[in-house]
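Colleague: okay, sequence plus prediction incoming.
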Amino acid sequence: MEPEPYFPSPALCSTRWWSKETVAVVTGGNKGIGFALVKRFAELGLSVVLTARDKKKGEDAVERIRAQLGLVAPHHHVHFLVLDVSDADSIKTFASSFKDKFGATLDILVNNAAVSFNELDENSVDHAENVMKTNFYGPKLLIEALLPLFRCSSSSNSSITRILNVSSRLGSLDKVTNVEMKRILESDELKEDEINEMVKKFLRDVRNGTWKSQGWPSYWTDYAVSKLALNAYSKVLAKRYNINTTKLMSVNCFCPGFTQTSMTKGKGTHTADQAASLATILVLLPPHHLPTGKFFLLRNNTTFQQVANSKL
Ligand SMILES: NC(=O)c1ccc[n+]([C@@H]2O[C@H](COP(=O)([O-])OP(=O)(O)OC[C@H]3O[C@@H](n4cnc5c(N)ncnc54)[C@H](OP(=O)(O)O)[C@@H]3O)[C@@H](O)[C@H]2O)c1
């Protein structure tokens, strides 16, 4: 199936349902797309928690955003908390600090933090464990830790919990050539355990030196498998929280495309601000128009393309 174009109408994009009481968390907010996302949320008037694994880098980033937007204490609504998504203890501490500071008020989680250790033309898997821990297990553990802190859906449904997983088209199913793996991932009955098993198998293939012949994606393989797993997990989660077509939680993936950040050594077709601006439109769609279980690609730097579920 070809990707379907997805053009939220300008009216939908400007329907403002949120306020300063709406709370968003962004991981990896000290630079790149994460930084741009925090800035955009703050610009739109939400309260936003910038998180970073390095306290100084995170605090500096918050200062830069406050200065750029002219936010002055005590009216600023950009906060900082330390969070290393590859560290289970850091995730626990973060959840506890969030609860102490904000209570169970979380409306939006953007899992943005990720790593790749490859140059653009390389395909080493030397850091595969770390890549998996940061890009797949990190968002998964964080979602599990934050579940009790999401604001309950109100009767008007205006506070549907929103999770946006920043992913990559490198992790789409059409990059997998292992027929059995593809069959499992494409199934409507896909289970979380099967995704965990897939990641374990990949790491075993890496340890055994057989990863090149097992039908995994052939470009930026460890990174691509981490995003493949994240996409699959998002689909499972979206299904779990979409009961009898009542959306209790919206979970989508977003690929920002080739964006000028540290990950691409500054190369790319567009800026982090452009990518963030599109991502925030998606995550802030009004409740009754909010999709779930979808994978969106940034297209022509200005619109989205929705990838059919079969390719997730
Ligand atoms: N740029 C692209 O072309 C592109 C394309 C497709 C998808 N993406 C996705 O877009 C997202 C943002 O990437 P980017 O391009 O903005 O890259 P980036 O500039 O390298 O930023 C990555 C961010 O993640 C943080 N991070 C890494 N490991 C972390 C950890 N263990 N705990 C917490 N934070 C951690 C980094 O913090 P430090 O400064 O401490 O390292 C940094 O803030 C990623 O999910 C990436 O996979 C990017």
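Modeller: Thanks, I have it. All figures in this text were calculated on a predicted structure; none of them were measured in a lab.

Colleague: torsion angles phi and psi at residue 190?
Modeller: phi -50, psi 130 (degrees, to the nearest 10).

Colleague: distance of the closest residue to it other than its chain neighbours relative to residue 193?
Modeller: Leaving out its chain neighbours, the residue that sits closest to residue 190 by CB to CB, 6 or more residues apart in numbering is residue 236, at 5.9 Å. (Each C-beta comes from the backbone N, C-alpha and C, glycine too.) Residue 236 is 10 Å from residue 193, where distance means CB to CB, to the nearest Å.

Colleague: and for residue 88, the neighbour number?
Modeller: When counting by other CB atoms under 10 Å, one arrives at 15 neighbours for residue 88.

Colleague: mind checking the SS state of the closest residue to it other than its chain neighbours?
Modeller: Excluding the flanking residues, the one nearest residue 88 by CB to CB, 6+ apart is residue 141, at 6.0 Å. Here residue 141 is helix, with the state taken from DSSP: H, G, I helix; E, B strand; the rest coil.

Colleague: please report how far residue 141 lies from the ligand.
Modeller: 11 Å (CB to the nearest ligand atom, to the nearest Å).

Colleague: report the contact partners of that residue.
Modeller: By CB atoms under 8 Å, 6 or more residues apart in numbering, the contact set of residue 141 is 85, 88, 91.

Colleague: give me the subset of these touching the ligand.
Modeller: By CB under 6 Å from any ligand atom, the members of those lying near the ligand are residue 85.

Colleague: for the protein, which residues are neighbours of the ligand?
Modeller: 27-28, 30-34, 52-54, 57, 83-86, 112-115, 134, 166, 168, 255-256, 258-259, 261-264, 268, 272.

Colleague: strands - which of those land there?
Modeller: 52, 166, 255 (DSSP state E).

Colleague: contacts only, for the second one.
Modeller: With contacts defined as CB under 8 Å, 6+ apart, residue 166 is in contact with 33, 110, 111, 112, 114, 253, 254, 255, 256, 279.

Colleague: give me the buried entries from those.
Modeller: 33, 110, 111, 112, 114, 253, 254, 255, 256, 279 (16 or more other CB atoms under 10 Å).

Colleague: could you give the secondary structure assignment for the second one?
Modeller: When the structure is split into helix, strand and coil by three-state DSSP, residue 110 lands in strand.

Colleague: give the bridge partners for it, please.
Modeller: residue 26, residue 164 (DSSP bridges).

Colleague: isn't it up against residue 282?
Modeller: No - counting by CB atoms under 8 Å, residue 110 stays clear of residue 282, with 10.3 Å between them.

Colleague: any residues in contact with both of these two?
Modeller: By CB under 8 Å, 6+ apart, the residues touching both residue 110 and residue 282 are residue 164.

Colleague: how many neighbours does the closest residue to residue 55 other than its chain neighbours have?
Modeller: Distances taken as CB to CB, 6+ apart put residue 82 closest to residue 55, at 5.3 Å, once the chain neighbours are dropped. Neighbour count for residue 82, taken as other CB under 10 Å: 15.

Colleague: and what of residue 125?
Modeller: 23.

Colleague: and the strands in the stretch 151-300 of the chain?
Modeller: 161-166, 242-243, 246-247, 249-255, 295-299 (DSSP state E, counting those that start in this stretch).

Colleague: next, the angle from the longest one to strand 161-166.
Modeller: Using axes from the mean of the first three to the mean of the last three CA atoms, to 10 degrees, the interaxial angle of strand 249-255 with respect to strand 161-166 works out to 20 degrees.

Colleague: done for today, thanks.
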